[in-house]
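Colleague: this one's structure only:
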């Protein structure tokens, strides 16, 4: 029987069968990891094959993991060389950002987008908390939204508190498996409770404490609402580009890709090389200098490539 992994609690997993039954499951024996530095063999979003557990009533054993179409991965912790798959089989990565209380830095947004590009996951941004902004702040949110939209990302501007922009976002998320990301306190829980108040009431409204990561789990949890799947990953506070090397970083910036073929050197890193088409585009503001500064910050930061 096939099932979808909804939640991990360490050695036990919560899975949903194709007919909608929710079961507790565990791994049968030990899964052989293809990559030795991966800490968890099963991730939320995995499609698996299960069988009845002969040792526990109303439980199942996971006996096979099907191939993943993509995944998000990070280091297990700063001191570990192990990597952890946070979620798999994603249709979208959604960044909830805000210009106030707390302010989401452009660098954080750009790192998230680069991470999604690296793992071939479409990305979107919801600029939240417009209800707390003055006119100039709302104008800046709209400007940033247009800037990222021009790069090919889907963007929204609104307020989780008032519900402005919520209907458009809800329609966009329909029938997708979405990874939710953003700083603590940016309004992820408020947004989800606004989008799906009746559905979330059945499983318990998501609390701000939960999304601030004050609990100890570092695993993700999926909420299935009709045909929409939202994956909450409370452990994400940063996005290290685990599977990418410095020489490939520029490829995660879509606006760079339009100019890279015109660089003098095929292995141009777009930093100090002469006749660099990317740097020329930055100087002419064809590429936003702020985005280029994000690239430089990621390139020179050792933590980016853990």
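Modeller: Good, I have the coordinates. Small disclaimer: the values here were computed from a predicted structure and weren't measured.
Colleague: just for this protein, where's the confidence low?
Modeller: Applying pLDDT under 70 to the chain flags residues 30-36, 75-81, 200-219, 234-241, 302-306.
Colleague: again, only this time at 80
Modeller: By pLDDT under 80, the weakly predicted segments of the chain are 9-11, 29-40, 74-84, 198-220, 233-243, 302-306.
Colleague: okay, now the domains of it?
Modeller: 2-67, 89-232, 246-305 (automatic domain parsing).
Colleague: Can you tell me which of those domains is packed in deepest?
Modeller: domain 89-232 (a mean of 18; mean count of other Cβ atoms under 10 Å). Just so you know, the C-beta spots here come from the backbone N, C-alpha and C atoms, and that holds for glycine as well.
Colleague: what's the offset of it from the middle of its chain?
Modeller: Distance, stretch centre to chain centre, for domain 89-232: 10 Å (Cα atoms, centre = their mean, to the nearest Å).
Colleague: try stretch 263-276
Modeller: Remark: stretch 263-276 is offset 31 Å from the chain centroid, using Cα atoms, centre = their mean.
Colleague: what ranges do the strands span in the chain?
Modeller: For the chain, applying DSSP state E gives strands covering 2-8, 12-17, 22-27, 47-52, 59-65, 71-75, 83-88, 92-98, 123-128, 154-157, 177-181, 221-225, 228-232.
Colleague: In a markdown table, list these along with distance to residue 110.
Modeller: Output for these, formatted as a markdown table (distance: least, Cβ to Cβ, whole Å):
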| stretch | distance to residue 110 |
| --- | --- |
| strand 2-8 | 29 |
| strand 12-17 | 33 |
| strand 22-27 | 37 |
| strand 47-52 | 31 |
| strand 59-65 | 32 |
| strand 71-75 | 16 |
| strand 83-88 | 19 |
| strand 92-98 | 10 |
| strand 123-128 | 11 |
| strand 154-157 | 14 |
| strand 177-181 | 13 |
| strand 221-225 | 26 |
| strand 228-232 | 21 |
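Colleague: and of those strands, who's closest to residue 263?
Modeller: Among those, strand 123-128 comes nearest to residue 263, with 25.4 Å by Cβ to Cβ.
Colleague: List the strands paired with the closest one, with their directions.
Modeller: Strand pairing for strand 123-128, using DSSP bridges, gives strand 92-98 (parallel), strand 154-157 (parallel).
Colleague: List of residues touching the first one?
Modeller: Contacts to strand 92-98, defined as Cβ atoms under 8 Å, 6 or more residues apart in numbering, come from residues 72, 104, 108-109, 112-113, 115-116, 121-129, 173, 176-183, 186-188, 191.
Colleague: do the same with the shortest one
Modeller: Strand 154-157 is contacted by residues 122-127, 130, 138, 141-142, 145-146, 148-149, 165, 168-169, 172 when judged by Cβ under 8 Å, 6+ apart.
Colleague: Stretch 10-23: end-to-end distance?
Modeller: Chord length of stretch 10-23, first to last residue, is 15 Å (Cα to Cα, to the nearest Å).
Colleague: gap between that stretch and the chain center?
Modeller: With Cα atoms, centre = their mean as the basis, stretch 10-23 stands 22 Å off its chain's centre.
Colleague: Contacts only, for residue 11.
Modeller: Per Cβ under 8 Å, 6+ apart, neighbours of residue 11: 26-27.
Colleague: again, only using 7 Å
Modeller: residue 26 (Cβ atoms under 7 Å, 6 or more residues apart in numbering).
Colleague: Distance of it relative to residue 85?
Modeller: Distance, residue 11 to residue 85, by Cβ to Cβ, to the nearest Å: 16 Å.
Colleague: Same check on residue 120?
Modeller: 15 Å.
Colleague: What of residue 227?
Modeller: Between residue 227 and residue 85 the distance is 24 Å, computed by Cβ to Cβ.
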